[in-house]
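K.L.:
coords below, sequence missing:
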């Protein structure tokens with residue numbers, strides 16, 4: 001995706017905001033407050049990020065009135081920074097959904113170094129290293145990198161601007177780089193947040209059939225080296241999965257959750273967003289994880305099938321022990 005640049009005055013006009021600062025400044029990226037630097041714009045819509053606002057090096061920030069006293073850089077005052085951030089991602093994404101409707105570059109690759117099946121689509125600016133095998137029906141979007149000796153099973157879909165490391169195996173019908181569940185509430189509807197980030201799978205990763213790995217809203221969704229996913233696993237935007245962690249079928253991990261190294265997560269688990277799971281944790285199947293796990297060990301959270309009255313009594317006792 002080509003990088004777009006805008007003056008702060010143009011952004012302020014687009015959002016209908018009030019600019020306090022130098023309208024001629026140019027910004028070309030949206031970043032989080034801590035990652036932001038010169039030439040990037042950020043945003044704040046939650047008080048838990050106030051210290052990040054005080055420390056930011058962004059060229060400008062989208063803010064509402066309650067954060068003005070904590071902001072030391074140029075800012076654009078808006079009524080709803082989260083909604084304005086969503087609209088800004090749409091401005092920066094431009095014609096993203098038209099980028100892959102171009103020439104198929106599949107014939108530009110040497111068949112001596114890689115093997116390509118029938119009905120494969122390869123976009124522009126794609127790098128495919130030697131020893132890679134791409135089965136029939138695979139889609140590879142623009143600006144994708146695929147490391148050597150990687151194997152893509154039939155009908156794998158790799159969206160634009162993602163990175164696949166060496167010796168990866170990706171099974172049939174898996175989708176990597178799709179948008180996550182990113183929407184900002186406006187007055188009468190939900191405003192789509194265009195996901196401008198990426199996905200990176202490092203070396204020796206295996207992804208089962210029909211898995212979905214969402215691209216980051218900003219930054220990178222990361223599967224570190226040696227991660228193994230069973231079938232139908234969902235990894236949401238901005239997650240970070242530690243080295244050599246293995247995840248069972250039909251587990252779903254919500255956005256921005258960090259899972260440590262050498263973890264084993266059983267099938268059918270549900271893991272909420274924005275939590276951290278320590279290295280060396282084992283979670284038994286069908287568990288529901290709602291808070292961070294701060295020390296290694298074996299954890300269970302699945303509900304057994306009982307008569308309803310007995311289940312209510314059981315869950316009351318269980319909750320009391322958990323709270324203690």
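P.N.:
Arrived safely. Quick caveat: nothing in here was measured; it's all calculated off a predicted structure.
K.L.:
in this structure, which helix is the longest?
P.N.:
helix 308-323 (DSSP state H).
K.L.:
give the other helices and strands that it contacts.
P.N.:
Helix 308-323 is packed against no helix or strand, with contacts defined by 3 or more Cβ pairs under 8 Å, 6 or more residues apart in numbering; DSSP states H and E. For glycine as for every other residue, the C-beta is placed from the backbone atoms N, C-alpha and C.
K.L.:
number of nearby residues for residue 263?
P.N.:
By other Cβ atoms under 10 Å, 23 other residues sit near residue 263.
K.L.:
what's the spacing between it and residue 232?
P.N.:
The gap separating residue 263 from residue 232 is 19 Å, by Cβ to Cβ, to the nearest Å.
K.L.:
ditto for residue 39
P.N.:
40 Å.
K.L.:
between these two, who's got more neighbours?
P.N.:
Neighbours per residue (other Cβ under 10 Å) separate residue 39 from residue 232, with residue 232 holding more: 19 against 14.
K.L.:
quick one: contacts for the more buried one?
P.N.:
By Cβ atoms under 8 Å, 6 or more residues apart in numbering, residue 232 lies in contact with 208, 209, 210, 211, 249, 250.
K.L.:
pLDDT at the fifth one, what is it?
P.N.:
The model reports residue 249 with a pLDDT of 99.
K.L.:
all helices of the stretch 151-300 of the chain, in order?
P.N.:
Ranges of helices in the stretch 151-300 of the chain, per DSSP state H, counting those that start in this stretch: none exist.
K.L.:
actually, the stretch 1-150 of the chain.
P.N.:
Going by DSSP H, counting those that start in this stretch, the stretch 1-150 of the chain shows helices at 8-15, 50-55, 81-93.
K.L.:
looking at those helices, which is nearest to residue 137?
P.N.:
helix 81-93 (26.8 Å; Cβ to Cβ).
K.L.:
compute the inter-axis angle for that closest one and helix 8-15.
P.N.:
110 degrees (axes from the mean of the first three to the mean of the last three Cα atoms, to 10 degrees).
K.L.:
quick check: buried residues in helix 81-93?
P.N.:
Across helix 81-93, burial judged by 16 or more other Cβ atoms under 10 Å covers 81, 82, 83, 84, 85, 86, 87, 88, 89, 92, 93.
K.L.:
hmm, back to that, in JSON lines: the contacts of residue 232, plus distance to residue 53 and neighbour count.
P.N.:
As requested, the contacts of residue 232 are exported to JSON lines (distance: Cβ to Cβ, whole Å; neighbours: other Cβ atoms under 10 Å):
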{"residue": "208", "distance to residue 53": "41", "neighbour count": "21"}
{"residue": "209", "distance to residue 53": "43", "neighbour count": "19"}
{"residue": "210", "distance to residue 53": "41", "neighbour count": "17"}
{"residue": "211", "distance to residue 53": "36", "neighbour count": "22"}
{"residue": "249", "distance to residue 53": "41", "neighbour count": "17"}
{"residue": "250", "distance to residue 53": "39", "neighbour count": "17"}
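K.L.:
inside strands: which ones of those?
P.N.:
Judged by DSSP state E, strands contain none of those.
K.L.:
among the residues you listed, which one sits closest to residue 162?
P.N.:
residue 211 (13.7 Å).
K.L.:
tell me how far that closest one lies from residue 45.
P.N.:
Distance from residue 211 to residue 45, by Cβ to Cβ: 31 Å.
K.L.:
then residue 262?
P.N.:
36 Å.
K.L.:
off-centre distance for the longest helix of the chain?
P.N.:
35 Å (Cα atoms, centre = their mean, to the nearest Å).
K.L.:
contacting residues around that helix?
P.N.:
303, 304, 305, 306.
K.L.:
ok, and the closest non-adjacent residue to the third one?
P.N.:
Translated: residue 305. Closest residue to residue 305 apart from its sequence neighbours, by Cβ to Cβ, 6 or more residues apart in numbering: residue 311 at 8.0 Å.
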